[in-house]
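Trainee: have a look; sequence and predicted model below, questions after that.
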Amino acid sequence: MKVPTTTTRRLKTPEVPRRAKRWARRVAVAGEQSLYVLDRVGVSPATLLDRASKLREPKKASRRIATGVRYGSDKRQRMDIYVPQKPGPHPLPVVTFFYGGGWVRGHRDEFGFVGRALAARGYMVAMPDYRLAPKHRFPAFIEDGAAAMAWLTEHGATLGGDPTRQAVGGHSAGGHLAALLALNPDYLDAHGVPHDHVKAAALLSAPTNFLPFVDWRAISALGHHEPAHETQPINFAHAAAPPILFQHGRADRVVRARNAQQLHAKLVEAGADAELILYPGATHSDPIKAFSPLFQRFPVVEDLDDFLAGHLGLHD
């Protein structure tokens, strides 16, 4: 079967203003103390953080080998793929990571710093876009996640990956996607992804038990669905779930740490392999910011790497 092209016309994204570039340099120099400037420029904080991170990242540690890979027909069904600069002789374990944005916003270009950070540690990293609310509502974005993983299952080997060693992860709303892909077998089954290929899942600041809906973004993306319990990852905890790592800030006021604590407890009770790491003082955004060399307060990436390496056999 012919493998679809891995370079396509990229989605047009807003040009970063010159003043944003100047602020990026200042953020790179000043670090966390200058984070307040992010909302003062005409781009998203994630875009600015990504640009600033490039100024501090180790040179030639990773590279993006595919841009705008089509895993579906919708313009939002695209992904970028990162690998180590020098991958070595063996196929790479594959990590699919979903960014957050409240199910209503986000673009893969904003989170390149996540893909680069993980790829530098020895993984093939896929960063998919997915369809967003209010135009597309649950379960459209979960289905997109499964479709992206199906593409990697079928074609990842042609790019140097090992589709039999996959992990799924995400932050915030992206963690909600990752949780349902890991716990509800229906999504991967529908796209032909073998369960035993998914060796691990990592949930960062992820909402997993949040009924009734009170946030407008959750209402827009999920509030229409009946039965509502199907939107909640906690209702799909079972013994055969892949090993799951929860990483959550104790000071998270957007998605309370009890989301991680309750699902972790339910998985352990069911007999599944689950690990919970709570970071004192960490807010909702701190776990994702930790992928940037500018914000090294919490060992989120180190903890995640230890978990993934152990379950994906990275150092075997």
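Mentor: Okay, I see it.
Trainee: show me what the lengthiest helix in the chain is packed up against.
Mentor: Counting residues, the longest helix in the chain under DSSP state H turns out to be helix 140-155. Here helix 140-155 touches strand 92-98, strand 124-128, strand 161-171, helix 173-183, helix 185-190, going by 3 or more Cβ pairs under 8 Å, 6 or more residues apart in numbering; DSSP states H and E. (Glycine included, C-beta is placed from N, CA and C.)
Trainee: mind running it again at 6 Å?
Mentor: Helix 140-155 sits against helix 173-183, helix 185-190, with contacts defined as 3 or more Cβ pairs under 6 Å, 6 or more residues apart in numbering; DSSP states H and E.
Trainee: show me the shaky parts of this protein.
Mentor: Across the chain, the ranges flagged by pLDDT under 70 are 1-44, 315-316.
Trainee: how about the strands of it, start to end?
Mentor: 62-70, 78-84, 92-98, 124-128, 161-171, 198-204, 244-249, 274-279 (DSSP state E).
Trainee: turn these into JSON lines, columns for distance to Phe210 and mean neighbour count.
Mentor: Converted to JSON lines, those look like this (distance: least, Cβ to Cβ, whole Å; neighbours: other Cβ atoms under 10 Å):
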{"stretch": "strand 62-70", "distance to Phe210": "31", "mean neighbour count": "18"}
{"stretch": "strand 78-84", "distance to Phe210": "27", "mean neighbour count": "24"}
{"stretch": "strand 92-98", "distance to Phe210": "17", "mean neighbour count": "28"}
{"stretch": "strand 124-128", "distance to Phe210": "23", "mean neighbour count": "29"}
{"stretch": "strand 161-171", "distance to Phe210": "15", "mean neighbour count": "25"}
{"stretch": "strand 198-204", "distance to Phe210": "13", "mean neighbour count": "27"}
{"stretch": "strand 244-249", "distance to Phe210": "13", "mean neighbour count": "27"}
{"stretch": "strand 274-279", "distance to Phe210": "17", "mean neighbour count": "19"}
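Trainee: how near is Gly102 to Ala221?
Mentor: 8 Å (Cβ to Cβ, to the nearest Å).
Trainee: which of these two has more residues huddled nearby?
Mentor: Ala221 (25 against 19; other Cβ atoms under 10 Å).
Trainee: that one reaches Pro134, doesn't it?
Mentor: No: between Ala221 and Pro134 there is no contact under Cβ atoms under 6 Å: 7.5 Å.
Trainee: overlap in contacts, the two.
Mentor: Residues touching both Ala221 and Pro134 (Cβ atoms under 6 Å, 6 or more residues apart in numbering): there are none.
Trainee: what sits up against the longest helix of the chain?
Mentor: The contact list for helix 140-155 (Cβ under 6 Å, 6+ apart) reads 3, 71-72, 77, 79, 94, 96, 126, 128, 130-131, 163, 177, 180-181, 187-188, 191-193.
Trainee: hmm, which of those are the buried ones?
Mentor: Buried members of the contacts of helix 140-155, scored by 16 or more other Cβ atoms under 10 Å, are 71-72, 77, 79, 94, 96, 126, 128, 130-131, 163, 177, 180-181, 187-188, 191, 193.
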